[in-house]
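>>> I need the structure of the sequence given here:
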Amino acid sequence: MQKQRDKPVRVFVTGIGIISALGNNAEENRNSLINSQTGVGKAVHFESRYVSFLPFGEIELSNETLKETLNLKDAPGYTRTCLLAVKAFEEAVADSKLTSLELSSFDTALISASTVGGMCLTDQLYEDANRKSEGSEYLEAYGPGSHTLKLVEKYNINGFTDTINTACSSSANAIMLGARLIKSGRAKRAIVGGVDALAKYTVNGFNALKILSENPCKPFDENRDGLNLGEAAAYLVLESEEIVRDKKVYAEILGYGNSNDAHHPSAMSDDAVGAIRSMKEAIETAGITPENINYINAHGTGTPNNDRVELFGISKIFDHVPPFSSTKSYTGHTLGAAGAVEAIFSIYSINHSELFPSLHIETDMVDFKDFPVRAYRSGVEVNYVLSNSFGFGGNCTSLVLGKVL
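A predicted model of the protein is given here:
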């Protein structure tokens, strides 16, 4: 007798939580996107000499307000990274209506992501590392995984946990790993996402690379001259179809692809080998064809190298390029949080049949015939979205999110 194949495990998104320069929750973020209102501007809370002439995607809430809102005023060792993570995590968990028992179940995984982690406290780190202090409350908070440990402790999470740092593809990889854990039967539920706060450490580093723009970024404009850094936290609750029951379901994680072009520490290869492979794998694992993709949420940083290479790669995958845009023109580049932020924005497109434009475009890129969405569109059929996240070192990740049919 021929053995019957197991039914493929489906992975659904049942909760979302986000805080970014566009707003302090999911509803505020979507409203800003609908109104084409950027969150990039002059930073108020971030202390740096670059604030005087560089725009940033800064969250409006101060650390003090976040601590008060989250009832963490007396909790030691919470950096801004940790605070933002708790804010978005709590919204996602509440949205999915998870109980404390479900959070602490061994069937619940937590995979988070960050690039700067607790190094958002750059000056304090310098004082502590050079023994110029008596040892601050943040001695254990500087690593990329410190915010994950805070979540584990605060919510009594006992299942599989991990922190991913693959630069700008970090939280996209967190989503991919969470989905794979569920599909392989290693977890029934995974809370996935990422967080990064503005930091002198990253601002000074990106400035040294000469890729920060003194104006609001304009991805896919011929005269683009760099990116804007932003901060955000975003989490999604992924659940196996068998435990979803009558919950609201936002979307399905259908496909994912990860590759590395091993070309350069901070630039993508001109032939887009990594980007092409990640997009191709994501579409293939989703069980669809390129023609099924209705929208691409592009990585689109606004740097000359990234946008040209990404659009070149897209043109090699698609005979007819679907509508695409970069929502980093709203939030700035949120680094380790970007993949999860843009996955949530992709879910908005799927759930509300809408596309968000790339902002600030004045001149089309001369070497391409395909141009990004320029104005907000509603009433558009969006069944499948391809979301790209390409990181330093050539780590490229693409996700396919789909409408639950």
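
>>> Return the residues in contact with residue 28.
If a contact means CB atoms under 8 Å, 6 or more residues apart in numbering, then residue 28 has residue 22 as its contacts. To be clear about C-beta, it is placed using only N, CA and C from the backbone, and glycine gets the same treatment.

>>> what's the spacing between the helix or strand bottoming out on mean pLDDT in the chain and its chain's center?
Comparing every helix and strand of the chain by mean pLDDT, DSSP states H and E singles out helix 122-129 as the least confident one, with a mean of 79. For helix 122-129, the separation from the chain centroid amounts to 27 Å (computed by CA atoms, centre = their mean, to the nearest Å).

>>> Can you show me the CA trace of that helix as CSV?
Output for helix 122-129, consisting of C-alpha atoms alone and laid out as CSV, is shown next (Å, rounded to 0.1, in the frame of the first residue of the first chain):
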residue,chain,number,x,y,z
THR,A,122,26.5,54.1,22.8
ASP,A,123,27.9,56.6,25.3
GLN,A,124,27.0,54.5,28.3
LEU,A,125,28.5,51.5,26.7
TYR,A,126,31.8,53.5,26.2
GLU,A,127,31.8,54.5,29.9
ASP,A,128,31.1,50.9,31.1
ALA,A,129,33.6,49.3,28.6
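
>>> And it, what does it pack against?
When contacts are defined as 3 or more CB pairs under 8 Å, 6 or more residues apart in numbering; DSSP states H and E, helix 122-129 sits against helix 200-208.

>>> average pLDDT across the helix it packs on?
The average pLDDT for helix 200-208 rounds to 93.

>>> what does stretch 33-53 give?
The average pLDDT for stretch 33-53 rounds to 96.

>>> how far does it stretch from start to finish?
Stretch 33-53 has an end-to-end distance of 25 Å (criterion: CA to CA, to the nearest Å).

>>> And the strands in the stretch 1-150 of the chain?
Along the stretch 1-150 of the chain, the segments classed as strands by DSSP state E, counting those that start in this stretch run 11-19, 108-113.

>>> got it, and the stretch 151-300 of the chain?
Taking DSSP E, counting those that start in this stretch as the criterion, the stretch 151-300 of the chain carries its strands at 161-164, 189-196, 232-240, 251-260, 295-297.

>>> Neighbouring strands - and their directions - for the first one?
Strand 161-164 has the following strand partners under DSSP bridges: strand 108-113 (parallel).

>>> of all the strands of the stretch 151-300 of the chain, which lies closest to residue 147?
Ranking these by proximity to residue 147 (CB to CB) places strand 189-196 first, at 5.9 Å.

>>> roughly how far is that closest one from the heart of the chain?
Offset of strand 189-196 from its chain centre (CA atoms, centre = their mean): 9 Å.

>>> That strand - contacts with which helices or strands?
Strand 189-196 packs on helix 80-95, strand 108-113, helix 170-183, strand 232-240, helix 338-352, going by 3+ CB pairs under 8 Å, 6+ apart.

>>> Determine which of those approaches residue 261 most closely.
Ranking the helices and strands packed on strand 189-196 by their distance to residue 261 (criterion: CB to CB) puts helix 170-183 first, at 15.6 Å.

>>> Using CSV, list the CA coordinates for the closest one.
Written as CSV, here are the backbone C-alpha positions of helix 170-183 (Å, rounded to 0.1, in the frame of the first residue of the first chain):
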residue,chain,number,x,y,z
SER,A,170,17.3,40.1,10.3
SER,A,171,13.6,40.2,11.1
ALA,A,172,12.7,38.7,7.7
ASN,A,173,14.8,35.8,8.6
ALA,A,174,13.1,35.6,12.0
ILE,A,175,9.8,35.3,10.2
MET,A,176,11.2,32.6,7.9
LEU,A,177,12.7,30.6,10.8
GLY,A,178,9.4,30.9,12.8
ALA,A,179,7.4,29.6,9.8
ARG,A,180,9.9,26.7,9.3
LEU,A,181,9.7,25.7,12.9
ILE,A,182,5.9,25.4,12.6
LYS,A,183,6.0,23.6,9.3
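
>>> So for it, mean pLDDT?
On average, the pLDDT along helix 170-183 is 98.

>>> angle of that helix against strand 189-196?
Angular relation of helix 170-183 and strand 189-196 on a 0 to 180 degree scale: 170 degrees, by axes from the mean of the first three to the mean of the last three CA atoms, to 10 degrees.

>>> Out of the strands of the stretch 1-150 of the chain, which one sits most buried?
A comparison of the strands of the stretch 1-150 of the chain by mean neighbour count, using mean count of other CB atoms under 10 Å, puts strand 108-113 on top with a mean of 28.

>>> any idea how far that one is from the chain center?
When distances are taken as CA atoms, centre = their mean, strand 108-113 is centred 14 Å away from the chain's centroid.

>>> And for stretch 225-242?
In terms of CA atoms, centre = their mean, the gap separating the centre of stretch 225-242 from the centre of its chain is 3 Å.

>>> With stretch 280-287 instead?
Here stretch 280-287 shows a centroid-to-chain-centroid distance of 20 Å under the convention CA atoms, centre = their mean.

>>> Only the buried residues of that stretch, if you could.
280-283, 285-286 (16 or more other CB atoms under 10 Å).

>>> got those residues as CSV, with distance to residue 301 columns?
Formatted as CSV, the entries for the buried residues of stretch 280-287 read as follows, by distance: CB to CB, whole Å:
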residue, distance to residue 301
280, 21
281, 22
282, 19
283, 22
285, 25
286, 25
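
>>> Dump these to JSON lines, plus pLDDT and distance to residue 43.
What follows is the buried residues of stretch 280-287, written out as JSON lines (pLDDT from 0 to 100; distance: CB to CB, whole Å):
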{"residue": "280", "pLDDT": "98", "distance to residue 43": "39"}
{"residue": "281", "pLDDT": "98", "distance to residue 43": "38"}
{"residue": "282", "pLDDT": "98", "distance to residue 43": "34"}
{"residue": "283", "pLDDT": "98", "distance to residue 43": "38"}
{"residue": "285", "pLDDT": "97", "distance to residue 43": "39"}
{"residue": "286", "pLDDT": "98", "distance to residue 43": "38"}
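
>>> Pull the contacting residues for residue 150.
Residues in contact with residue 150 (CB under 8 Å, 6+ apart) are 77-78, 82, 85-86.

>>> Okay, it and residue 277: tell me how far apart.
Per CB to CB, to the nearest Å, residue 150 is found 35 Å from residue 277.

>>> If anything else comes up later, I'll come back, but that's it for now.
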